[in-house]
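Enquirer: prediction below, plus the sequence it came from.
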Amino acid sequence: MYRVYPFSALVGQEDLKTALLLCAVDPGIGGLLIQGDKGTAKTTAVRGLAALLEEYRPLPREESLVLEGDMPGSVPLRGSILTELPLNATEDRITGSIHLESILKEGTRRFEPGLLAQAHGGILYVDEVNLLESHLVDILLDAAATGINRVEREGISISHPSQFILVGTMNPEEGDLRPQFLDRFGFTIFISGLHDLEERKEIVSRRLDFDADPEGFCDRWLEDDALTAEMLRKARENLTDIEVPESSRHLIAELCSRAGVMGHRADITLTRGARALAALVEAPAVTGNHVKAMARFVLPHRIPHSGVEGFKDLADRTEQLIGGAGGGGSAQVETGSFVPGDDGSLDDPYDNTEIPGGAAAGSLVFDHFKKKRRTSPGIPQGSPK
Ligand SMILES: Nc1ncnc2c1ncn2[C@@H]1O[C@H](COP(=O)(O)OP(=O)(O)OP(=O)(O)O)[C@@H](O)[C@H]1O
């Protein structure tokens, strides 16, 4: 059987893994744009997450799609949870079209679903999204934001749900994405290769182990993938119960206003991101630390700039904003109703202690993951990493 390199076996790149998980917790975040170097596990991470979603099914997935409009009915949903969009995809292929053969042969009109139908309930991966024609990017971002694919063509109007996790990649050296498109991607992260020598060696040895014995390698990471899926499932379930207190709302407004972002999309995405992060680390409410961590994913690509500044400069400006926000400190909120686990061994995930400058989202999620793994009865202490 064909095996996929496990999501949990990725070395480091915790922000990348976290950004992907958060988009799975709340696809309404609007998708993730990964900028960065080649060979840094972007595709490996996305395929690993897809395999995890396929195996453990932490997210709801419908069997068929309900069509509305001029051709009401339903079409079966089939295929993989991961839809990869080819760069030569046409608008018809993406949105779906009227099946010509059925008109010619049977004289009836039938809707032929496209990639936006196939992606419903899964991941839509667009490698090198900056090389895609603008009107196609527009269609993808529109569906990602609204969760609906609308086909208005040839005198016909059809719509169907299309909720997916949009993941785009781009290498800025090969061309830019227009600012109006950048703003519509919920998160952007920049990733580069790892410089820690031990981590580099670990990447090679894990890859060679996987290639030599994919089955055995995947078995060793099974428990970690299962735990990640369980965290995802719980976070999805609890998402709308997470409180966003006034102090966090204030911090979000302050950060976005000081960043000088256009409109209010950043405020909304930052709120959704912080809420998804709180859900993933099992906190009952959004704290200042969650907001600050999410500001790094939400603000850099939205800060107005002259065009000469690279992502790194904008990330530095975001750090300055985070450092100076909230009167230089945290968004203080009440400790809420957190009840430690039965064994009392988990730290309070709602810990609102000020972390100077806030912690990285990847650290918050994977520190929590490691604590859970230590206290999960089914997980052997000797599991990898
Ligand atoms: N952090 C990592 N952990 C595990 N494997 C890694 C890591 N970084 C890179 N690799 C390995 O490097 C190889 C390249 O990874 P991958 O194809 O996912 O990169 P990519 O970022 O999608 O590249 P490209 O931009 O060229 O498409 C794979 O064999 C992958 O296993």
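Expert: Everything's here; your move.

Enquirer: can you pull the domain assignment for the protein?
Expert: As given by automatic domain parsing, the domain ranges for the chain are 7-191, 242-375.

Enquirer: lowest average pLDDT across those?
Expert: Among the domains of the chain, domain 242-375 has the lowest mean pLDDT, at a mean of 78.

Enquirer: which among the domains of the chain is found nearest to residue 215?
Expert: The closest of these to residue 215 is domain 7-191. By Cβ to Cβ, the value is 13.4 Å. Yep, even glycine has a C-beta here, placed from its N, CA and C like the rest.

Enquirer: return the residues of the stretch 101-250 of the chain in contact with the ligand.
Expert: Within the stretch 101-250 of the chain, the positions near the ligand by Cβ under 6 Å from any ligand atom are 203, 206-207.

Enquirer: which one of those residues has the most neighbours?
Expert: Counting neighbours by other Cβ atoms under 10 Å, residue 206 comes out on top of these with 20 neighbours.

Enquirer: related to what we said a few turns ago, can I get the residues of the stretch 101-250 of the chain next to the ligand in CSV including pLDDT and secondary structure?
Expert: Output for these, formatted as CSV (pLDDT from 0 to 100; DSSP: H, G, I helix; E, B strand; the rest coil):
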residue, pLDDT, secondary structure
203, 96, helix
206, 96, helix
207, 96, helix
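
Enquirer: columns distance to residue 178 on top of those residues, output as JSON lines?
Expert: Output for those, formatted as JSON lines (distance: Cβ to Cβ, whole Å):
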{"residue": "203", "distance to residue 178": "34"}
{"residue": "206", "distance to residue 178": "38"}
{"residue": "207", "distance to residue 178": "36"}
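
Enquirer: relative to residue 226, which of the residues you listed is nearest.
Expert: residue 206 (18.7 Å).

Enquirer: verify the stated contact: that closest one with residue 8.
Expert: No. Residue 206 lies out of contact with residue 8 (Cβ atoms under 8 Å); the separation is 10.8 Å.

Enquirer: sorry, back to before: dump the domains of the chain to CSV, plus mean neighbour count.
Expert: What follows is the domains of the chain, written out as CSV (neighbours: other Cβ atoms under 10 Å):
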stretch, mean neighbour count
domain 7-191, 19
domain 242-375, 19
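
Enquirer: what ranges do the strands span in the stretch 1-150 of the chain?
Expert: Assigned by DSSP state E, counting those that start in this stretch, the strands in the stretch 1-150 of the chain fall at 32-36, 64-69, 73-76, 82-84, 96-98, 111-113, 123-126, 148-153.

Enquirer: list the buried residues of stretch 212-230.
Expert: Residues of stretch 212-230 classed as buried: 214, 217-218, 220-221, 223-229 (neighbour count, 16 or more other Cβ atoms under 10 Å).

Enquirer: ok, residue 297 to residue 239 distance?
Expert: As for residue 297, its distance to residue 239 is 17 Å (criterion: Cβ to Cβ, to the nearest Å).

Enquirer: meant to ask about residue 15, not that
Expert: To residue 239, residue 15 is 20 Å away according to Cβ to Cβ.

Enquirer: residue 60: what's it in contact with?
Expert: Counting by Cβ atoms under 8 Å, 6 or more residues apart in numbering, residue 60 makes contact with residue 121.

Enquirer: ok, now residue 191?
Expert: So residue 191 contacts 13, 15-16, 34-37, 40-42 (Cβ under 8 Å, 6+ apart).

Enquirer: what of residue 274?
Expert: Residue 274 makes contacts with 244, 248, 252, 286, 290-291, 293-294, as judged by Cβ under 8 Å, 6+ apart.

Enquirer: nearest to the ligand, of those residues?
Expert: residue 293 (20.4 Å; Cβ to the nearest ligand atom).

Enquirer: excluding chain neighbours, what is closest to the closest one?
Expert: In this structure, residue 293 finds its nearest non-sequential neighbour in residue 361, 4.0 Å apart by Cβ to Cβ, 6 or more residues apart in numbering.

Enquirer: the one you found reaches residue 15, doesn't it?
Expert: Yes. The pair residue 361 / residue 15 is scored as a contact, 6.0 Å apart, by Cβ under 8 Å.

Enquirer: residues shared between the contacts of the two?
Expert: Common neighbours of residue 361 and residue 15, using Cβ under 8 Å, 6+ apart, are 296-297.

Enquirer: that older thread, what sits against the residue nearest to residue 293?
Expert: Residue 361 neighbours (Cβ under 8 Å, 6+ apart): 15, 18-19, 22, 277, 293-294, 296-297.

Enquirer: which among those residues gets closest to the ligand?
Expert: Of all these, residue 15 has the smallest distance to the ligand: 11.6 Å, by Cβ to the nearest ligand atom.

Enquirer: doesn't residue 188 make contact with the closest one?
Expert: No. At 11.1 Å, residue 15 does not count as touching residue 188 under the criterion of Cβ under 8 Å.

Enquirer: in the stretch 151-300 of the chain, which spans are helices?
Expert: For the stretch 151-300 of the chain, the helices defined by DSSP state H, counting those that start in this stretch cover 179-182, 197-212, 214-238, 246-259, 265-280, 288-298.

Enquirer: with distance to residue 62 added, can I get those in JSON lines?
Expert: Supplementary listing: those in JSON lines, determined by distance: least, Cβ to Cβ, whole Å:
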{"stretch": "helix 179-182", "distance to residue 62": "29"}
{"stretch": "helix 197-212", "distance to residue 62": "33"}
{"stretch": "helix 214-238", "distance to residue 62": "15"}
{"stretch": "helix 246-259", "distance to residue 62": "33"}
{"stretch": "helix 265-280", "distance to residue 62": "21"}
{"stretch": "helix 288-298", "distance to residue 62": "28"}
